[in-house]
Each structure stands twice: as C-alpha cells, then as structure tokens.
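Participant: just to be clear, the model below is a prediction. Sequence and coordinates:
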Amino acid sequence: MNDIIKKIEDAQLREDAPQFRVGDTVRVFAKIMESGHTRTQVFEGTVIKKQGGSNRATFTVRKISNGVGVEKTWPLHSPTVEKVEVVRSGKARRAKLLYLRQRTGKAAKLKEIVK
C-alpha cells in the first residue's frame, strides 16, 4: 500500500476502539444531529458481523423492534459512535451470524459466556 495512504489511515484510527466480538450483545451510543442539536441515541442488539480492517472496519448490530428485525452498520472508528458497551458475551462458533435473520424468538438467542 502507498505510504501516504497508510499515514492518512493511521491518523484516523481511534485509540479507544471498543473491544467486542461477534455474538456479543452490545449497546451502541451514536451521536445524531437534529435541527442543529446533537443528541445521543442508544441501539442495543447482537453483533452479527465484523468486517474490514484498519480505519475501514465496520460492525453490524441486529435487534428485533416491534416484531421486525432491524440491522444497523457502523464504522468502528467513526466519530459518530461515542462508545460501545458490552451487555453480555455470547458464544459464537462462526465469524458471521447471518443465520439469525431467519430465526425468531428463543431460536435467535445465543448461549451466554459467563466470565
């Protein structure tokens, strides 16, 4: 990779990048601009995939809201993501949990890792 591009990407990395894995239930605090005011919105769900590397890394969180599955994808090193809290750790044996899209109710739950 070009050295100039590498330096630019390294400057955009967050030092406080959140540590979580696929299968974890997380609470994402995202900044939202509305009519000139900034507020924080919380999105809580299961991490179904992490992809990319460096400053291009993204993660996708899925939750069920009013019986409808909702997925959001955020850049890991974005300034709009204030913080990511791990609510519970889930046991995942795959890198991407896309099969959870077809499951509902208790079948969509993952076993919890007790630390």
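Facilitator: Right, received. Where do you want to start? Residues are numbered from 1 along each chain as shown.
Participant: correct me, but residue 80 touches residue 31?
Facilitator: Yes - assessed by C-beta atoms under 8 Å, residue 80 is found in contact with residue 31 at 4.9 Å. From N, CA and C alone the C-beta is placed, and that goes for glycine too.
Participant: low-confidence ranges in the chain?
Facilitator: 1 (pLDDT under 70).
Participant: remind me, longest strand of it?
Facilitator: strand 37-51 (DSSP state E).
Participant: which elements pack onto it?
Facilitator: If you count contacts as 3 or more C-beta pairs under 8 Å, 6 or more residues apart in numbering; DSSP states H and E, strand 37-51 packs onto strand 25-34, strand 58-65, strand 68-75.
Participant: note down every partner strand of the very next helix or strand once past the last one and its orientation.
Facilitator: Note on strand 68-75: by DSSP states H and E, the next helix or strand toward the C-terminus is strand 81-88. Taking DSSP bridges as the criterion, strand 81-88 sits next to strand 25-34 (antiparallel) in its sheet.
Participant: run the chain-centre distance for the strand it pairs with.
Facilitator: Offset of strand 25-34 from its chain centre (C-alpha atoms, centre = their mean, to the nearest Å): 10 Å.
Participant: stretch 9-21 now?
Facilitator: Distance, centroid of stretch 9-21 to centroid of chain: 13 Å (C-alpha atoms, centre = their mean).
Participant: buried sites along it?
Facilitator: residue 20 (16 or more other C-beta atoms under 10 Å).
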